[in-house]
Every structure is written in structure tokens, then in C-alpha cells.
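Peer 1: Structure, please.
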Amino acid sequence: MTANDPRRYIVRLEVFAAAGHIDVDVDATADAGQQLDAMLRDLVQADPTELEDRTYRMLRFDLCDTCRGELLRRPLG
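Peer 2: Coordinates of the predicted model:
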């Protein structure tokens, strides 16, 4: 398959965290500043690639006609 192949298809897939209300488990008896510090420490120690995967990922695939047909028949495999 070449870049000029008339039966070449491009598939873009975006996966991102759904926007909306985020529930934060807040202990009313604890200091909010301490809770925020703890959350920030967790973020600093987390794997950046894992955090990115949980937030946003965009993929692009070049497909031949046969693969395009299969993808449309079974989009999630």
C-alpha cells in the first residue's frame, strides 16, 4: 500500500476522560491543605505515561480496504 493508493483509509481514534463532575472524597475532619498535598504527592510519584493514558490518547492508523471492512464490521475487535 502506498500513500497514493485509492483504497487507503485513515482511522483516527481519540480516547479521553469524560468531562463532568469529579467526586473527591473529602474527610470533613481533615485539613483540606493536607489532603491537597497528599493528592499532589500521588501525582508526582505516578507514572506520566499512565497518567496520560488515563486522560487523553490519540491514535492514527493507515488501513487497506480489507482491514477497513473488518474494522467496520467489528469496531472493537
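Peer 1: What ranges in this protein fall below the confidence cut-off?
Peer 2: The chain contains residues with pLDDT under 70 at 1, 3, 21-30.
Peer 1: mind redoing it with 80?
Peer 2: 1-6, 19-30, 32 (pLDDT under 80).
Peer 1: Wait, Ile10 touches Arg60, no?
Peer 2: Yes: contact criterion C-beta atoms under 8 Å: Ile10 and Arg60 qualify, at 6.6 Å. (Each C-beta comes from the backbone N, C-alpha and C, glycine too.)
Peer 1: moving C-terminal of the longest helix along the chain, what's the next helix or strand?
Peer 2: In the chain, ranked by residue count with DSSP state H as the criterion, the top helix is helix 32-45. Remark: after helix 32-45, the chain's next helix or strand is helix 48-55, criterion DSSP states H and E.
Peer 1: hmm, who's touching the following helix or strand past that next one?
Peer 2: Using DSSP H and E, the helix or strand that follows helix 48-55 in sequence is strand 56-63. Contact with strand 56-63 is made by 1, 8-17, 71, as judged by C-beta atoms under 8 Å, 6 or more residues apart in numbering.
Peer 1: What about the residues you listed, which are in strands?
Peer 2: When the contacts of strand 56-63 are checked against strands (DSSP state E), the matches are 9-16.
Peer 1: No further queries at this time; thank you.
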